[in-house]
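> Take a look and give me a structure for this.
(2 chains)
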Amino acid sequence: MDKQLQIYNTLTRKKELFKPLNPNHLGLYVCGPTVYGDGHLGHARPAITFDVVYRYFEHLGYKVRYVRNITDVGHLENDADEGEDKIAKKARLEELEPMEVVQYFTDRYHNNMDQLNVKKPSIEPRASGHIIEQIEMIKKIIDAGYGYISGGSVYFDVEKYNKDYNYGKLSGRKIEELIQNTRELAGQTEKKQSFDFALWKKASPEHIMRWPSPWSDGFPGWHLECSAMGCKYLGEEFDIHGGGLDLMFPHHESEIAQSTIANGKAPVRYWMHNNMITINGKKMGKSLGNFITLNEFFVGEHDALEQAYSPMTIRFFILQAHYRSTVDFSNEALQSAERGMKRLMTSISALKDIKASDSSEYNVNELKDKCYAAMNDDFNTPILIAHLFDGLKAINSAKESKIKLTKEDINTLSELYHTFIFDILGLVDESGNGNDNDELVDYLMNFIMDIRMNARTNKDWATSDKIRDELATKGIVLKDSKEGTSWSFE
RNA sequence: GGUCUCGUGGCCGAGCGGUCAGGCAGUGGUCUGCAAAACCAUCUACAGCGGUUCGAAUCCGCUCGAGACCUCCA
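Below is the predicted model:
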């Protein structure tokens, strides 16, 4: 545990020793979802990645303020209805108030996050609740000379900014390339340059999500909310900003530009980006229409799914890959994850059954050090999990009395596994492992198993097997071992 | 087209200069009235071709292949 936490910083493209701005405090901002549809597997990735970051910092004793926004003023859509607000469009189609749609999908998102055991952020601000802050920020940018008004909208002058600063310091992009490559879109004639981005957009008459501003009735630009809310709750400069790799450009690059002008300093010390989840090698996403929603995973209702996958299977599957790598979805991989996690959980619950010895044949502290080293190396959860699986061998061998562990070893192991599996990785044992808390069920099961045990003692296999088969039809599985019979729900 | 990333055993996925990744599957055992499960052990790798080095999956070059971003996107 003496090795210090290293974080890969997208700004420098290398791992850096993490140093908080304020000792023992962490400011963490992560771009949350746009609530105009159900969350899909891709949304689970940043949520779980930064949930683990959040949990690990808390475990290390930091006081963390974790801000994850809800984008509810919409973004522009690129299909037939260019310039129309996504949320407004959905609302009109379904004849609902925009905020009704927002509420509906926000609730469903929260429900998914609870299922995945993703902790609630400290603050979950909504863009629509921070229009005033965003307008104030636009004013600052205009006053500084980096924003210009055109046709009732306000745009950020990227070219001017780039002369004084560096538009591209995060993404590695160069403005000359942008000039050549940015696609011309309808309605861009208002802008000085195609790559200038909107700070405020004037609403068209049919646009129903709108707010008054000094420039027009309209809505804030796509990148502004994160800058405004990050600044409001975490300060002009804060420690970590996270999000999906696909947000790096232009979203995060533009955040840096806006905040740098409005506040006179770069907003973020460490930028962290999680990689994408792919399906058949292609990014799973809204635009490709190849996404599978989390609810579909949980019930198994999607053509691509062979079965339902529990929230913890999804969580474990994601954590088995490093957050900066792509992970490819497949039924086979998820089933592997499901089986592996089940074995992990079974062994952890077996810890309490180990008989202590006077001497020790296993170095628990070495395992502990390795676990911390893995997490300290840019949150390397796959390595952590590998070490924890290694430790399983010791646990299981001790359970079979093949190696010796002291009382202290067992306690340390128990604490270690609970800390890393449950507290830091945020996994939950879904199996129940026979310890369901319904007293009546326990009573009945013990009663039935007692009868069956008598039958078995009398070698009355017909009765014994009938009980087992009958219970199996109700999803209750009996397992006979030399210590006796245990039961669990399938 | 521009910028960048990646190609690891049957599958998934770490490692990024020298020592075991790990999981799932497979195989061989143990246990068991049978079944299921569990446990132990264990075999296959580093896209191709050159180069640097005492030594390369790991560094460099080229070739082939895949993907991401450049437009909303986690």
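> Name the nearest residue to A:Ile70, sequence neighbours excluded.
The shortest distance from A:Ile70 to any non-neighbouring residue, by Cβ to Cβ, 6 or more residues apart in numbering, is to A:Arg126 (4.8 Å). Yep, even glycine has a C-beta here, placed from its N, CA and C like the rest.
> same check, this time on A:Ile149
Using Cβ to Cβ, 6+ apart, the nearest residue to A:Ile149 is A:Trp215, at 5.7 Å.
> Pretty sure the one you found sits against A:Lys202.
Yes. Under the criterion of Cβ atoms under 8 Å, A:Trp215 makes contact with A:Lys202 at 7.1 Å.
> joint contacts of those two?
Shared contacts of A:Trp215 and A:Lys202, defined by Cβ atoms under 8 Å, 6 or more residues apart in numbering, are found at A:Gly152, A:Ser153.
> show me where pLDDT drops low in chain A?
A:1-3, A:74-84, A:94, A:180-189, A:432-437, A:483, A:490 (pLDDT under 70).
> ok, 80 please
Across chain A, the ranges flagged by pLDDT under 80 are A:1-3, A:74-96, A:177-189, A:205-207, A:287, A:431-438, A:481-484, A:486, A:488-490.
> you'd agree the residue nearest to A:Ile149 is in a strand?
No. Counting by DSSP: H, G, I helix; E, B strand; the rest coil, A:Trp215 is not found in a strand; it is coil.
> re the thing from before, ok, now how distant is the residue nearest to A:Ile70 from A:Val35?
Distance, A:Arg126 to A:Val35, by Cβ to Cβ, to the nearest Å: 9 Å.
> list the residues that contact both of these two?
Common contact partners of A:Arg126 and A:Val35 (Cβ under 8 Å, 6+ apart): A:Ile70, A:Asp72, A:Val102.
> Isn't the residue nearest to A:Ile70 up against A:Asp72?
Yes. If you go by Cβ under 8 Å, A:Arg126 and A:Asp72 touch, sitting 5.1 Å apart.
> Between those two, tell me which one has more neighbours.
A:Asp72 (24 against 18; other Cβ atoms under 10 Å).
> quick one, what contacts the closest residue to the more buried one other than its chain neighbours?
Leaving aside its sequence neighbours, A:Asp72 sits nearest to A:Val102 (Cβ to Cβ, 6+ apart; 4.3 Å). If a contact means Cβ under 8 Å, 6+ apart, then A:Val102 has A:Val35, A:Ile70, A:Asp72, A:Ile87, A:Arg126, A:Ser128 as its contacts.
> hmm, back to that, since we're on the residue nearest to A:Ile149, how many residues are nearby?
When neighbours are counted by other Cβ under 10 Å, A:Trp215 comes out with 21.
> got it, and A:Ile256?
For A:Ile256, the neighbour count with other Cβ under 10 Å is 25.
> who are the neighbours in contact with A:Glu296?
With Cβ under 8 Å, 6+ apart, A:Glu296 has these contacts: A:His302, A:Leu305.
> any bit of the helix or strand where it lies sitting next to RNA strand B?
Applying DSSP states H and E as the criterion places A:Glu296 in helix A:294-299. No. Helix A:294-299 stays clear of RNA strand B (Cβ under 7 Å from any atom of the strand), getting no nearer than 11.7 Å.
> Three-state assignment for whichever residue of the stretch 251-400 of chain A sits closest to RNA strand B, please.
Sorted by distance to RNA strand B under Cβ to the nearest atom of the strand, the residues of the stretch 251-400 of chain A start with A:Gly340, at 2.5 Å. What three-state DSSP gives for A:Gly340 is helix.
> Can you get me a residue count around it?
A:Gly340 - counted by other Cβ under 10 Å - has 16 other residues nearby.
> where does the residue lying closest to A:Arg173 once chain neighbours are set aside fall, phi/psi-wise?
Once flanking residues are discounted, A:Arg173 sits nearest to A:Phe249: 6.0 Å by Cβ to Cβ, 6+ apart. Main-chain dihedrals, A:Phe249, degrees, to the nearest 10: phi -130, psi 130.
> And for A:Ile149?
phi -100, psi 140.
> How about it: which residues does it bridge to?
Beta-bridge pairing of A:Ile149 under DSSP bridges involves A:Val154.
> Tell me the spacing between it and A:Lys404.
77 Å.
> tell me the helices in the stretch 251-400 of chain A, going along the chain?
Applying DSSP state H, counting those that start in this stretch to the stretch 251-400 of chain A gives helices spanning A:253-263, A:294-299, A:311-319, A:331-350, A:364-376, A:381-399.
> Relative to A:Leu478, which of those is closest?
helix A:331-350 (15.7 Å; Cβ to Cβ).
> Please tell me how far the closest one is from the chain's geometric centre.
20 Å (Cα atoms, centre = their mean, to the nearest Å).
> Just the buried positions in it, please.
For helix A:331-350, burial by neighbour count (16 or more other Cβ atoms under 10 Å) applies to A:Leu334, A:Ala337, A:Glu338, A:Gly340, A:Met341, A:Lys342, A:Leu344, A:Met345, A:Ser347, A:Ile348, A:Ser349, A:Ala350.
> Kindly indicate whether A:Ser488 is helix, strand or coil.
Under three-state DSSP, A:Ser488 comes out as strand.
> same thing with A:Asp239?
Classified using three-state DSSP, A:Asp239 is strand.
> So what's the residue count around it?
Around A:Asp239 there are 24 other residues, counting by other Cβ under 10 Å.
> which non-adjacent residue is nearest it?
A:Gly27 (4.8 Å).
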